[in-house]
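**Q** Prediction below, plus the sequence it came from.
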Amino acid sequence: MECQDDKLRKILDLGFEISQIKDIDLLLEKILSEARSFTNCDAGSIYIKEGDNLRFSYAQNDTMLRQLPPGRKLPYSTFSVPISSNSIAGNVALNGEILNIDDVYEIADAYPFSFNRSYDDKTGYRTRSMLTIPLKNFRGDVIGVLQLINAMDVNGTVIPFAREDEEIIIYFANNAANAVERAKMTREIILRMNKMAEMRDPKETGPHVNRVASYSVTLYEAWARKKGVSQDEIDKSRDVLRMSAMLHDVGKVAISDMILKKPGRFTPEEFQVMKLHTLFGSNLFSDVYSDFDESAGVVALNHHERWDGKGYPGYIDPRTQEPLPGYETENGAARGKQGDEIPLFGRIVALADVYDALSCRRCYKEAWDENEVLNAIRDEAGKQFDPELVEIFLECVDSFKQIEKLYPDEHE
């Protein structure tokens, strides 16, 4: 058994790890997985405070996950519960005090809260022990709730959560809360940058960029697992990829409204101007101060390249808009990048972006039927898209459909 000093040292290390993650969605996943690992519990969830409600924001359940094919993630739906004494999570958020319950089915009538068994009844899962912790920032404000479910002993038998671990897990939760606030601020800055693009191009909505970013991370994780990439490298790369993918079209802010908002087809001259959004987006991140700057510039520049070399902008200097030496074609244009010449993140976002464009309704078209979308992407393997990524994409379709539900368009 670990002594309390060892556990405290482990929590301190975890606090540093989570402080390095900038994307809010990936941070919530990391917080929950590490808290579950520390307490050796089977499941858990995180709620984030939004006004007078708690938004169910992330969930994990090892028992239910084992029923899925390898590599799949557990599907879940977001919902909100009032911050009130009626629910366990709401009570913790209201009072700011931890609740450690040995068996949620045996809560005494004297308590104001009760356990909602609807998930258990639907899935056959049996929730027993539950540790619910407030996430408090440095000001002492509750910004969310961490809920851990079914602590287990070394034999896999469900047991109560250890009372002596409560103080340490509260310390971790407070560090997590401050990291969540920083990540929420980063997400808000990125969404505000996209709001500028949305004012110019109504297609660039918050749900659209969140979906494209989530699809991209899903594709990258599946690709990385097949390639044997270490988990540390996966965690680092998906953090910068997710934020970068959200800004793939931010360069459109520099395109004229006469072109960007034109209802009909572009003339050849207008399309040439439209292509420049890749260069403008790349230039926004030309002063590289972090991995994120480098990744965002790569994605903005390369997400319209094609596997067959017929994409844009090709081998061109984003600052001068001139072809790079040795990459000019006969007519003086820049040669398109092809195959593995296109950076991985560019190839991933290209596929994620097209999938979302085809799957969702736009002001100029209805959403395509799912089979039409999948057939179109299959047909473009080896032409528009990396064929290996298309194969991986087809294995991840169920995850993509779950992501669509998490980020619905406002009109839906």
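**A** Cool, got the structure.

**Q** domain parsing for this protein?
**A** Taking automatic domain parsing as the reference, the chain has its domains at 4-182, 201-406.

**Q** would you list those in JSON lines and tack on mean pLDDT, mean neighbour count and distance to Arg192?
**A** For every residue, glycine as well, the C-beta is placed using N, CA and C. Below are the domains of the chain laid out as JSON lines (pLDDT from 0 to 100; neighbours: other C-beta atoms under 10 Å; distance: least, C-beta to C-beta, whole Å):
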{"stretch": "domain 4-182", "mean pLDDT": "89", "mean neighbour count": "17", "distance to Arg192": "14"}
{"stretch": "domain 201-406", "mean pLDDT": "90", "mean neighbour count": "18", "distance to Arg192": "10"}
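
**Q** For Lys195, which of those is the nearest?
**A** Nearest to Lys195, of all those, is domain 201-406, at 7.7 Å by C-beta to C-beta.

**Q** Same list as before, the domains of the chain that is, but in JSON lines and with distance to Leu191 included.
**A** Shown next, in JSON lines, are the domains of the chain (distance: least, C-beta to C-beta, whole Å):
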{"stretch": "domain 4-182", "distance to Leu191": "11"}
{"stretch": "domain 201-406", "distance to Leu191": "6"}
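
**Q** mind listing the strands in the stretch 101-250 of the chain by residue range?
**A** 130-136, 142-152, 158-159 (DSSP state E, counting those that start in this stretch).

**Q** With distance to Glu366 as new columns, can the ones you listed be given to me in JSON lines?
**A** Supplementary listing: the strands of the stretch 101-250 of the chain in JSON lines, determined by distance: least, C-beta to C-beta, whole Å:
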{"stretch": "strand 130-136", "distance to Glu366": "41"}
{"stretch": "strand 142-152", "distance to Glu366": "38"}
{"stretch": "strand 158-159", "distance to Glu366": "49"}
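
**Q** which one of the domains of the chain lies closest to Ile190?
**A** Each of the domains of the chain has some distance to Ile190 by C-beta to C-beta; the shortest is domain 201-406, at 5.2 Å.

**Q** roughly how far out does that closest one sit from the chain middle?
**A** 16 Å (C-alpha atoms, centre = their mean, to the nearest Å).

**Q** ditto for stretch 122-129
**A** Its chain's C-alpha centre and that of stretch 122-129 lie 27 Å apart, by C-alpha atoms, centre = their mean.

**Q** ok, and what's touching it?
**A** The contact list for stretch 122-129, computed with C-beta atoms under 8 Å, 6 or more residues apart in numbering, reads 41, 43, 61, 63-64, 101-105, 115, 117, 119-120, 149-151, 158-161.

**Q** Tell me which of the strands of the stretch 101-250 of the chain sits nearest to Asp52.
**A** Within these, the stretch nearest Asp52 is strand 142-152; the backing value is 12.0 Å (C-beta to C-beta).

**Q** Of all the helix elements in this protein, which one is longest?
**A** Assignment by DSSP state H gives helix 166-200 as the longest helix of the chain.

**Q** and the angle for that helix with strand 130-136?
**A** 60 degrees (axes from the mean of the first three to the mean of the last three C-alpha atoms, to 10 degrees).

**Q** centre of the chain versus helix 166-200, how much separation?
**A** Using C-alpha atoms, centre = their mean, the mean C-alpha position of helix 166-200 is found 12 Å from that of the whole chain.

**Q** now it and strand 142-152, what's the angle there?
**A** Relative orientation of helix 166-200 with respect to strand 142-152: 130 degrees, computed using the same axes, to 10 degrees.

**Q** Quick check: phi and psi at the residue of the chain positioned farthest from its centre.
**A** Residue distances from the centre of the chain (C-alpha atoms, centre = their mean) peak at Glu330, which lies 42.6 Å from the mean C-alpha position. In terms of degrees, to the nearest 10, the main-chain angles of Glu330 are phi -60, psi -30.

**Q** Ok, Leu26 next?
**A** Comment: the main-chain dihedrals of Leu26 come out as phi -70, psi -30, following degrees, to the nearest 10.

**Q** which residues touch it?
**A** 217, 235, 238-239, 242.

**Q** which element is Tyr58 on?
**A** Using DSSP states H and E, Tyr58 sits in strand 53-61.
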